[in-house]
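Novice: fold the following.
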Amino acid sequence: MANDLETVQAFIKAIQQGRIEDGIALLANDIVLHHTTRLPYAGEYRGPAGFRTMLASIGQFWSSFDPVDETSYVEHDGAVVVVGTLCGTARSSGTRLTIPVIARYRVETGPIADVWPF
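Specialist: Model (predicted):
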């Protein structure tokens with residue numbers, strides 16, 4: 001069984017490689033993904049179906065969304081904090097933006113239980 005850090009790294013790698021179902025397999029059935037109210041896809045997304053809805057919402061805003069640097073990870077007491085930079089192109093304007101991102105993943109007995117990106 002993977003430790004918390006390995007679980008989060010495997011999830012991120014699967015999503016980045018477009019292996020969505022492999023990523024979803026690493027999520028708890030009752031996962032909650034929280035997005036800040038300052039984003040066009042703000043809100044709480046629950047369960048694997050909510051994760052799929054969140055991806056669709058993000059895809060409506062961004063035409064591309066890719067990591068641009070090495071990601072740093074900090075693991076402590078059931079939480080993994082991920083620090084990195086994303087580069088995306090806004091679908092409506094074509095504007096390319098580089099965005100620093102921090103996300104806290106909480107892992108409980110195997111699957112990822114919640115995610116708070118900032």
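Novice: the residue lying closest to Arg46 once chain neighbours are set aside bridge partners, please.
Specialist: Using C-beta to C-beta, 6 or more residues apart in numbering and skipping the chain neighbours, the partner closest in space to Arg46 is Val32 (5.5 Å). Backbone N, C-alpha and C define where each C-beta goes, glycine included. The partner list for Val32 in beta bridges (DSSP bridges) reads Arg46, Asp114.
Novice: count of residues packed around Val32?
Specialist: For Val32, the count of nearby residues is 16 (other C-beta atoms under 10 Å).
Novice: that one touches Tyr45, doesn't it?
Specialist: Yes - assessed by C-beta atoms under 8 Å, Val32 is found in contact with Tyr45 at 7.3 Å.
Novice: got the contact list for Gly50?
Specialist: Applying C-beta atoms under 8 Å, 6 or more residues apart in numbering to Gly50 gives the contacts 31-33, 44.
Novice: rerun that using 10 Å as the cut-off
Specialist: The contact partners of Gly50, taken as C-beta atoms under 10 Å, 6 or more residues apart in numbering, are 27, 30-33, 43-44.
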